[in-house]
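**Q** Need the 3D shape of this:
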Amino acid sequence: MLENISLIKEVNFDMSIKDAHILANEFLDKIGLSYIGRFRINQCELSEIFFVLLIRALMTKERLVIIKLPYRLLYTLADIKNICQKIEILNNNKDILILDTFNNKINYKETICNIIE
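**A** Here you go, the predicted model:
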């Protein structure tokens, strides 16, 4: 997963492989996932894959990160508060927008989410 994440900085920002790996590991470490650095996608849980995708998005030049219907990636929103906390920990001055359906509104108590009605 480390190579998958660091590829964004290597290709788009001409960062060295070593520096990109260090940065990717720092992101994973912030949310307690540094252990997946050497994993392949088939060795990861859905929530771990979700955070790898999020970290990749945070490493781009884009200012806005949109997470649309996260339950399609996670299959459960039972732990959305924990996920939102980790998103806040990872956020590096990007605007993060979570879009979900009205049916999932109950899962977002005390969290920020834009509900599609």
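**Q** mind showing which ranges of the protein have poor pLDDT?
**A** 69, 71-79, 110, 112-117 (pLDDT under 70).
**Q** Stretch 11-21: which residues count as buried?
**A** The neighbour-count check on stretch 11-21 (16 or more other CB atoms under 10 Å) flags 15, 20-21 as buried. The way it works is simple: take the backbone N, C-alpha and C, and place the C-beta from them, glycine included.
**Q** Next, check those against the helices and list the overlap.
**A** 20-21 (DSSP state H).
**Q** quick one, helices of this protein?
**A** With helices called from DSSP H, the chain shows them at 2-12, 17-30, 46-58, 71-74, 80-90.
**Q** now what about the first one, what contacts it?
**A** So that's helix 2-12. By CB atoms under 8 Å, 6 or more residues apart in numbering, the residues outside helix 2-12 that reach it are 15-17, 19-21, 23-25, 27-28, 37-38, 41, 52, 55-56, 59-61.
**Q** With residue 106 as the reference, name the closest of the helices of the chain.
**A** With distances scored as CB to CB, the stretch of these nearest to residue 106 is helix 80-90 (10.1 Å).
**Q** ok, longest strand in the protein?
**A** Assignment by DSSP state E gives strand 95-101 as the longest strand of the chain.
**Q** buried ones in that one?
**A** The neighbour-count check on strand 95-101 (16+ other CB under 10 Å) flags 96, 98, 100 as buried.
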